[in-house]
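**Q** Any chance you could fold what I've pasted below:
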Amino acid sequence: MWGSQALLIARRTVQFFATSWGSYPAFNADIKLARLAAKLCPILFHQPSLVQHVGKESCWGGPFLA
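**A** Numbers count the residues shown, from 1 in each chain. Model (predicted):
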């Protein structure tokens, strides 16, 4: 569920992210988004993921995670 390949975020949640972003410490944006969103409501995600990595390299240059 981690990563930011595809996100669907409610407008109210985006507004909360914008006003709270600087007040919450986290190193990775995906972890920060999840922890901030959890303050508002449960986090629901599709299992299995609808976004799958294909190949051996990340498109942004990071490590490939199987």
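
**Q** Residue ranges in this structure under the pLDDT threshold?
**A** Along the chain, the parts satisfying pLDDT under 70 run over 1-5, 49, 51-66.

**Q** Tell me where it has helices.
**A** For the chain, the helices defined by DSSP state H cover 11-20, 29-38.

**Q** Buried residues in the first one, which are they?
**A** The reference is to helix 11-20. For helix 11-20, a neighbour-count test (16 or more other C-beta atoms under 10 Å) marks 13, 16, 17 as buried. Quick note: C-beta positions are derived from backbone N, CA and C, even for glycine.

**Q** which secondary structure elements does it contact?
**A** Applying 3 or more C-beta pairs under 8 Å, 6 or more residues apart in numbering; DSSP states H and E, one finds that helix 11-20 contacts helix 29-38.

**Q** now residue 16, nearest residue through space, not along the chain?
**A** residue 40 (6.0 Å; C-beta to C-beta, 6 or more residues apart in numbering).

**Q** pretty sure the one you found is touching residue 13, no?
**A** Yes: taking C-beta atoms under 8 Å as the definition, residue 40 is a contact partner of residue 13 at 6.0 Å.

**Q** Dump the buried residues of helix 11-20 to a markdown table, plus distance to residue 46.
**A** Listed next are the buried residues of helix 11-20 as a markdown table, based on distance: C-beta to C-beta, whole Å:
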| residue | distance to residue 46 |
| --- | --- |
| 13 | 17 |
| 16 | 22 |
| 17 | 21 |
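
**Q** Between these, which sits nearest residue 31?
**A** Set against residue 31, the nearest of the buried residues of helix 11-20 by C-beta to C-beta is residue 17 (13.0 Å).

**Q** which residues sit in contact with that closest one?
**A** Applying C-beta atoms under 8 Å, 6 or more residues apart in numbering to residue 17 gives the contacts 9, 33, 36, 37.

**Q** again, but for residue 21
**A** Counting by C-beta under 8 Å, 6+ apart, residue 21 touches 32, 36.
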